[in-house]
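Chemist: test case, fold it:
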Amino acid sequence: MLVFSAAVVVLIAILGPGFHKDIGVAAKPNIVLLFADDLGYGDLGVYGHPTSSSPNLDRMAKEGMRFTQFYSASPVCSPSRAALLTGRYQVRSGIWPGVFGATSVGGLPHNETTIAEGLKEVGYATAIVGKWHLGVGVNNTYLPVNQGFDHYLGIPFSHDMCPCLVCFYPNQPCFDKCRTGDPGCPLFQDNEIVQQPADFLTLTQRYTDAATSFVHENAGSKTPFFLYMAYQHTHHPQFASQKFRNATLRGTMGDSLAELDDSVGQIFAALKEAGVDNNTFVFFTADNGPSLTREVRGGNQGLLKCGKGTTYEGGQREPAIAWMPSKIPAGKITQELAGTVDVLPTVFNLTGARVPNDRIIDGVDMNSILFEDEGKSMRSHYFYYPKNPEPSVGLYAIRSAEHKLHFYTEGSHCGPQYRDEDCWSKTGQKQHTPPIMFDLLIDPSEGYPINTGSQEYKQVSQELMEVAEEFQKTAAFGQSEIGKGTSKDVAPCCVPGCKPYPACCKCNKIPYNPGTSTRW
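Modeler: Have a look, this model is predicted:
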């Protein structure tokens, strides 16, 4: 039986008899969504990296289905997570431009329906463990416990958005810069800070203990559950506990990935111990591509062009793996087009939850890909928004079948030491007139534009421009939540009003004992 560990998106549905007559899945499947941070298309062994230690994810792919054309909705964190949880492109919910910080006033609007909210309506227990990054707000108004989740344990934003001192056992420093001038990283349990600054050396195991406890408690009470496991790994600065420091050939990035992989393994072990592993559906992916500005510590996009922050393939095409041994043949590889916006309708259709009909849902159900022989995607197009979308510009690119058409490109998260100038952060927005087009099935590296004078270009580019124009008529930008600004008063501090600020923001209300469960 498969034992896992990883830092990525894993969608786990525990299924029983008689839910969907076509695929024989059960009513009220449990759902576990595991999401990795800043993981590149080429970072896992099964996706081609020769020195990554990801044996559990690699084995998952051998026993399940591997996607080769799967996309995140954004090349950066907050908008990608908003689209994952709502099934809607991020501009609709106002998660633009860029990402939330520790002092951001805004957050994911409460009128958006999250996966957790939809599943609670049909009787699910819900929890998130890890990185939220969809706002904290005044009086913690945007935290997960106000967005459909019963419980929360985690840091609510990227862990480089607060001072970081020790990242590796026993007291080795972090190898990338973090922000200073704000309080240390807050570890929330539900609506309360229980540790500040968070201890990176025990953080992943603490997350894992909470996740496995949630599995056992709900499996024991036969309560259907949704667990969203959103790892800090492998975002910079990488960190790792004693067990994983210097444990791989890939340095800090490899150690971080190995710790993630081990955590997923423990979650799967808990599913087996709870007696639900044989009826489990697993889906794994990440929020965006690797941060090339971190060089060898930033991850690897494989044969794809550029990385995080760009709408080239390396910024948004992600590893994705589905696993359900009773339904998905081992070693299956799909070339079908899919993305993170498709997770919500897929989960809702598996569980009997209601897909909202009072708004546009951009995602489509992936069940045909997952459970049918030679199943085809319901998705005809994928739309690429940049890290900082602008209503006056709109889409940067569109894909249909093998063809991708770029209207605009820009570099991001990449220094001049990298080999491709198109990826450099200082390479600003370029409008392409006419748009440049690639055949991604024969040129996934986007190295050889299709000749604009060819019949193929003329026919396909015209069709895609028309589709993009029609799509953008319906894709109204919501009020920018990130544009609401910042306030020091919003920065989480476990000793409100203390002095000297921010150094006084320190607490350890619930000391962590490794190997013990977090009881909610």
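Chemist: tell me the helix or strand right after the helix or strand containing Pro435.
Modeler: Per DSSP states H and E: Pro435 is located in strand 430-439. Going down the chain from strand 430-439, the next helix or strand is helix 455-474, by DSSP H and E.
Chemist: from the contact counts, what lies against that next one?
Modeler: Judged by 3 or more C-beta pairs under 8 Å, 6 or more residues apart in numbering; DSSP states H and E, helix 455-474 is in contact with strand 397-400, strand 403-409, strand 430-439. The way it works is simple: take the backbone N, C-alpha and C, and place the C-beta from them, glycine included.
Chemist: return the set of buried residues in stretch 172-185.
Modeler: By neighbour count with 16 or more other C-beta atoms under 10 Å, stretch 172-185 contains the buried residues 174, 176, 178, 182-185.
Chemist: list the contacts of it.
Modeler: The contact list for stretch 172-185 (C-beta atoms under 8 Å, 6 or more residues apart in numbering) reads 102-103, 155, 159-167, 196-198, 236-239, 245, 252, 294, 297, 491-493, 501-502, 505-506.
Chemist: before we move on, back to that, and the buried residues of stretch 172-185, which two are the farthest apart?
Modeler: Put simply, by C-beta to C-beta the two of those set farthest apart are Asp176 and Pro183, 19.2 Å from each other.
Chemist: my guess is Arg92 meets Gln472, correct?
Modeler: No: at 11.8 Å, Arg92 does not count as touching Gln472 under the criterion of C-beta atoms under 8 Å.
Chemist: which of the two has more neighbours?
Modeler: Using other C-beta atoms under 10 Å as the criterion, Arg92 and Gln472 rank with Arg92 on top: 21 against 15.
Chemist: part of a helix, is that one?
Modeler: No: read with DSSP: H, G, I helix; E, B strand; the rest coil, Arg92 is coil and lies in no helix.
Chemist: residue contacts, His159?
Modeler: By C-beta under 8 Å, 6+ apart, His159 lies in contact with 131, 178, 185, 198, 200, 232, 235, 237, 239.
Chemist: and the lengthiest helix in the chain, what's buried?
Modeler: Under DSSP state H, the helix in the chain containing the largest number of residues is helix 251-273. Across helix 251-273, burial judged by 16+ other C-beta under 10 Å covers 252-271.
Chemist: now swap in stretch 31-40 and tell me
Modeler: 31-40.
Chemist: over to Ala320: give its phi and psi.
Modeler: With angles defined as degrees, to the nearest 10, Ala320 sits at phi -150, psi 130.
Chemist: run through the bridge partners of Val166.
Modeler: In this entry, Val166 is beta-bridged to Pro173, by DSSP bridges.
Chemist: how many residues are close by it?
Modeler: 15.
Chemist: one step back: and the buried residues of stretch 31-40, which is closest to Val76?
Modeler: Of all the buried residues of stretch 31-40, Asp38 has the smallest distance to Val76: 9.5 Å, by C-beta to C-beta.
Chemist: so that closest one: helix, strand or coil?
Modeler: coil.
Chemist: now it, nearest residue through space, not along the chain?
Modeler: Nearest residue to Asp38, sequence neighbours excluded (C-beta to C-beta, 6 or more residues apart in numbering): His235, at 4.6 Å.
Chemist: and for Gly302?
Modeler: Using C-beta to C-beta, 6+ apart, the nearest residue to Gly302 is Gly42, at 2.5 Å.
Chemist: could you report the pLDDT at that neighbour?
Modeler: Note for Gly42: predicted pLDDT of 98.
Chemist: do Phe281 as well
Modeler: Per-residue pLDDT puts Phe281 at 79.
Chemist: for Leu15, same thing?
Modeler: pLDDT, Leu15: 46.
Chemist: please report how far the residue of the chain most remote from its centre lies from Ser461.
Modeler: What lies farthest from the middle of the chain is Gly453; by C-alpha atoms, centre = their mean that is 38.9 Å. Computed as C-beta to C-beta, to the nearest Å, the Gly453 to Ser461 distance reads 11 Å.
Chemist: swap in Glu372?
Modeler: Separation of Glu372 from Ser461 (C-beta to C-beta): 32 Å.
Chemist: more neighbours: the two, which one.
Modeler: Legend: neighbour count by other C-beta under 10 Å for Glu372 and Ser461, higher for Ser461 (19 against 11).
Chemist: do I have it right that the more buried one meets Ile436?
Modeler: No: counting by C-beta under 8 Å, Ser461 does not reach Ile436; the two are 9.4 Å apart.
Chemist: and for these two, which residues touch both?
Modeler: By C-beta under 8 Å, 6+ apart, the residues touching both Ser461 and Ile436 are Leu405.
Chemist: where in the stretch 301-450 of the chain is pLDDT low?
Modeler: Regions of the stretch 301-450 of the chain meeting the criterion pLDDT under 70 are absent.
Chemist: let's see 90
Modeler: Residue ranges of the stretch 301-450 of the chain with pLDDT under 90: 322-329, 347, 350-351, 371, 373-374.
Chemist: how about the stretch 1-150 of the chain?
Modeler: Within the stretch 1-150 of the chain, the segments meeting pLDDT under 90 span 1-32, 34, 56, 59-60, 63-64.
Chemist: out of the buried residues of stretch 31-40, the closest to Thr223 would be?
Modeler: Closest to Thr223, out of all of the buried residues of stretch 31-40 and judged by C-beta to C-beta, is Ile31, at 12.5 Å.
Chemist: in a strand, the closest one, correct?
Modeler: Yes: counting by three-state DSSP, Ile31 falls inside a strand.
Chemist: that one contacts Thr351, doesn't it?
Modeler: Yes: contact criterion C-beta under 8 Å: Ile31 and Thr351 qualify, at 6.7 Å.
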